[in-house]
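Novice: Build me a model from this:
(2 chains)
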Amino acid sequence: MRKRLAIAACKVLRFVGKLIGRGSSLPGQIALRLCPDILGRLELPPYVIAVTGSNGKTSTVEMIASILTAAGRSVVYNKEGSNQIEGVATLLLTNATAGGRVKGDVLLLESDERWAKHTFKWFHPTHFVITNLYRDQLTRNGHPEWVYQAILPALHADTTLVLNADDPLVSRFAQGRAPETVRWFGLDECSISTKEHHGVYHDGARCPVCGAPMEYGCYHYAHIGHYRCPGCGYARHATDFTATAVDLKAGRLTIDGKTDIQLAFRSIYNVYNILAAWSACALAGVDETAMAGVINNYILKNGRMITFTLGARKGTLLTSKHENSVAYDTNLGYIESQPGPCEVMVIVDAVSRKYFTGETSWLWDIDFDRLSAPQVKKVWLCGRYVNDLALRLDYTAVPPEKVVLRESISAAAEELKSSGDLPLYVVTCFSDRDKLLAHVQRD
Amino acid sequence: MELNILHLYPDAMSLYGEYANVSILRRQLEAMGVTVAVKTAVFEDELSFEGVDLIYMGAGTERVQKLALEALRPYADQLKAAVDGGAAVLFTGNAMELLGASVTDAAGKEWPGLGFADYTTVESDRRDPVDVIAHSPLLEQAAVGFMNKCSVTHGVKTPLFDRLTLGFGNEAKGGAEGYVDGNVFATHLTGPVLVKNPELLDLIVRRLFAAKGWELPETVPAQPHQREGYAVTLRELSARIKG
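Specialist: Below is the predicted model of the structure:
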């Protein structure tokens, strides 16, 4: 009875909430209060795919949804990214019959790393994709091992893990599990691989299991690559779904040696997101031709990359995440790989849009040396924390005469608009990007 | 004028950009005419504190912090002897806990500390990352920064900061924080604390000069942007208290 009441209440509240423009967590919150074990009393679709990890969750989920939908599956998923338990409750109950059967062929959930254990206490995903573990929002998350510990209780024996074999911190989730409950995706050594580690810090320097120094056959980026611990034998697992060749210049990715994919966005993290989505969809029974048809030249709808015009300049905003050095590094790497002279703008004004912090330690983990590339003619530093940025750049190879400090974002935008015509790359976070976009003409 | 810095375990204990503490200290000393040599060590290295003027260690994960403790414990007596001989120590983040009598992990296992002081630390599965404004009798201005700990430290008799207007102290919210004894400095503030706090950088530099018997120049150089950055962070954090 309480179950039916909770479902009905959730549906009504969600309907009213949508009319008045409210968010998606309150209806679920109230339903959970009416019937605390409601999530354990639903009948779920045959496939329940969860995606978590530091970076790439939203993009991976979006691509999985697109592929499955194109393959004729009916997908229920949290588009709005409300990935905590209340948001998940709202999603499930508003898509459930009065008796509690969740409609659709596939339930697809982007899951917050720290909340997964609460959500999956009540039901277990059939497949759990884990993309990567990075230093990400440490002011909330503590550190990557803390996040690892937080995810562990969400992983149940009846779930198939779909893991990034190239991330030694993620691969550890397979330890102690039956091998048939783990599937692996990863990149072969290819054109983007290097023998040396690149970046300011190295979270794979030591084995996460025994602490001995780890050996890498190759690095793809950061601590992602082919690793092996000579101390305890912990090593990268062979992959079930493999990027066998990557050519970022030509924008081409080859999966399992036979399927070529054109990349709309030529970035290494796009490659991994595609590979994660590919693995999940293959495990859900979608055939390769259907997957390739959707993924080929796929342009993400979540708008992480925005092109615009500012005066005589063509601009590209690469949405990064503050407090996430890998997100910054991949965007800086993208800029570094672009031919032709350009200028770059970095904005740090509000560290987060969801909570307050004045913490800027993460600037020291970003590889700003990449901005010393000769084609980068000028680096504009903007926002409230412009001094912290300037001090950080003082410890890089970027020549000081290339660096311009402007605390005011609108003043910088005016200046860029009225002078110069070099292309502009802007690297900043969701929390700050609208402060610039308000001054530009979006394409 | 030559000065030797030993940076312990930077490949493991630099979770929040702590290496920058050594970078800015080196630059400040060099701007004052000092020739600075920085050596780094990994767990497997045999350590020698011979001729070392400052030993620095930053923060690590709880697991890696225990590895650092195990690696350093055989050298506890040598480290103490170096301090008695005039070497300074700066341990930030959870490296601070190593200097005490013990660290008890979340599973209840007690790890003997290096025994510089008799304080004890207990970790839990609760973490309180928090912005910090800290006040020390050694500093005219407040120190700012961030704390990312899952532990409580009991029994510090000589804290570095006597109160916090923002953040968790050793034992309590707003309470005394860190540890200081002569030239041994420890604080749970994480990340580049010397970058964020020009006055704390200045204090360490002055102590190093005094330990060497060097005369301080009349004007101490300022690192560009550092004071401005500090002022903004202090303003933002202070607004948070009032707000």
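Novice: Just want the phi and psi numbers for the closest residue to B:P221 other than its chain neighbours.
Specialist: Taking CB to CB, 6 or more residues apart in numbering or on different chains as the measure, B:P221 lies nearest to B:A31, with 4.3 Å between them; neighbours along the chain are not counted. All C-beta spots, glycine's among them, are computed from the backbone N, C-alpha and C. Dihedral angles phi and psi of B:A31 (degrees, to the nearest 10) take the values phi -70, psi -20.
Novice: B:A31 touches B:P217, doesn't it?
Specialist: No - taking CB atoms under 8 Å as the definition, B:A31 is not a contact partner of B:P217, at 9.6 Å.
Novice: Between these two, tell me which one has more neighbours.
Specialist: Neighbour totals were compared for B:A31 and B:P217, and B:A31 leads with 14 against 11 (other CB atoms under 10 Å in any protein chain shown).
Novice: Read off the pLDDT value for the more buried one.
Specialist: For B:A31, the model assigns a pLDDT of 96.
Novice: And the lengthiest helix in chain B, what does it pack against?
Specialist: Longest helix in chain B by number of residues, with DSSP state H as the criterion: helix B:226-242. Contacts defined by 3 or more CB pairs under 8 Å, 6 or more residues apart in numbering or on different chains; DSSP states H and E place helix B:226-242 against helix A:386-393, strand B:120-135, strand B:143-154, strand B:163-166, helix B:193-196, helix B:198-212.
Novice: Could I get the ones you listed in TSV, plus columns for mean pLDDT?
Specialist: As requested, these are exported to TSV (pLDDT from 0 to 100):
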stretch	mean pLDDT
helix A:386-393	98
strand B:120-135	96
strand B:143-154	97
strand B:163-166	96
helix B:193-196	98
helix B:198-212	98
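Novice: out of those, deepest packed?
Specialist: Across these, averaging neighbours per residue (mean count of other CB atoms under 10 Å in any protein chain shown) puts helix B:193-196 on top, at a mean of 29.
Novice: where does A:G17 land in three-state SS?
Specialist: helix (DSSP: H, G, I helix; E, B strand; the rest coil).
Novice: Quick check: it vs chain B, distance?
Specialist: A:G17 sits at a distance of 29 Å from chain B (criterion: CB to the nearest CB, to the nearest Å).
Novice: Figure out the helix or strand that A:W380 lives in.
Specialist: A:W380 belongs to strand A:376-382 when elements are defined using DSSP states H and E.
Novice: now that strand and helix A:386-393, what's the angle there?
Specialist: The directions of strand A:376-382 and helix A:386-393 differ by 140 degrees, with axes from the mean of the first three to the mean of the last three CA atoms, to 10 degrees as the criterion.
Novice: I'd like to know how many residues surround A:D287.
Specialist: The tally of other residues near A:D287 (other CB under 10 Å) stands at 11.
Novice: Residue nearest the middle of chain A, spatially speaking?
Specialist: The central residue of chain A, meaning the one whose C-alpha is nearest the mean C-alpha position (CA atoms, centre = their mean), is A:G56 at 1.9 Å.
Novice: For A:A390, give me its contacts.
Specialist: The contact partners of A:A390, by CB atoms under 8 Å, 6 or more residues apart in numbering or on different chains, come to A:L381, A:V403, A:L405, B:P224, B:H225, B:G229.
Novice: would TSV of these with pLDDT, distance to B:G182 and neighbour count be doable?
Specialist: Compiled in TSV, the contacts of A:A390 are given as follows (pLDDT from 0 to 100; distance: CB to CB, whole Å; neighbours: other CB atoms under 10 Å in any protein chain shown):
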residue	pLDDT	distance to B:G182	neighbour count
A:L381	98	40	24
A:V403	98	40	18
A:L405	98	40	16
B:P224	94	31	13
B:H225	97	32	20
B:G229	98	29	25
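Novice: which two from the residues you listed end up farthest apart in space?
Specialist: Checking the contacts of A:A390 against each other with CB to CB, the farthest-apart pair comes out as A:V403 and B:G229, at 14.6 Å.
Novice: What backbone torsions are found at A:S267?
Specialist: A:S267 has phi and psi values of phi -130, psi 150 when expressed as degrees, to the nearest 10.
Novice: wait, doesn't it sit right on A:Y334?
Specialist: Yes - between A:S267 and A:Y334 there is a contact under CB under 8 Å: 5.2 Å.
Novice: more crowded one of the two?
Specialist: Between A:S267 and A:Y334, counting by other CB under 10 Å, A:Y334 is the more crowded of the two (22 against 18).
Novice: Just want the phi and psi numbers for the more buried one.
Specialist: Taking degrees, to the nearest 10, you get phi -60, psi -50 for the backbone angles of A:Y334.
Novice: Pull out the buried positions in the longest helix of chain B.
Specialist: By 16 or more other CB atoms under 10 Å in any protein chain shown, the buried positions in helix B:226-242 come out as B:Q226, B:E228, B:G229, B:Y230, B:V232, B:T233, B:L234, B:E236, B:L237, B:S238.
Novice: these two touch, right, the residue nearest to the centre of chain A and A:V129?
Specialist: No - using CB under 8 Å, A:G56 is not in contact with A:V129; the gap is 9.6 Å.
Novice: count of neighbours near A:S25?
Specialist: Burial of A:S25, expressed as a neighbour count using other CB under 10 Å, amounts to 18.
Novice: how about the closest residue to it other than its chain neighbours, secondary structure?
Specialist: Spatial nearest neighbour of A:S25, chain neighbours left out: A:E86 (4.0 Å); criterion: CB to CB, 6+ apart. Under three-state DSSP, the three-state class of A:E86 is helix.
Novice: so A:E86 makes contact with A:R33?
Specialist: No - with contact defined as CB under 8 Å, A:E86 and A:R33 do not form a contacting pair (10.0 Å).
Novice: Of these two, which one has the most company?
Specialist: With neighbours defined as other CB under 10 Å, A:E86 and A:R33 compare such that A:E86 has more, 22 against 12.
Novice: For the closest residue in space to A:H202 that isn't next to it in sequence, give me its contacts.
Specialist: With sequence-adjacent residues excluded and distances taken as CB to CB, 6+ apart, A:H202 is closest to A:H223, at 6.0 Å. Listed by CB under 8 Å, 6+ apart, the contact set of A:H223 reads A:D167, A:P168, A:L169, A:H197, A:H202, A:D203, A:G204, A:A205.
Novice: Not including adjacent chain positions, what is the nearest residue to the first one?
Specialist: Counting by CB to CB, 6+ apart, A:N132 is the residue found nearest to A:D167 once chain neighbours are left out, at 5.0 Å.
Novice: buried residues in stretch A:337-347?
Specialist: Under the neighbour-count criterion of 16+ other CB under 10 Å, stretch A:337-347 has A:C342, A:E343, A:V344, A:M345, A:V346, A:I347 buried.
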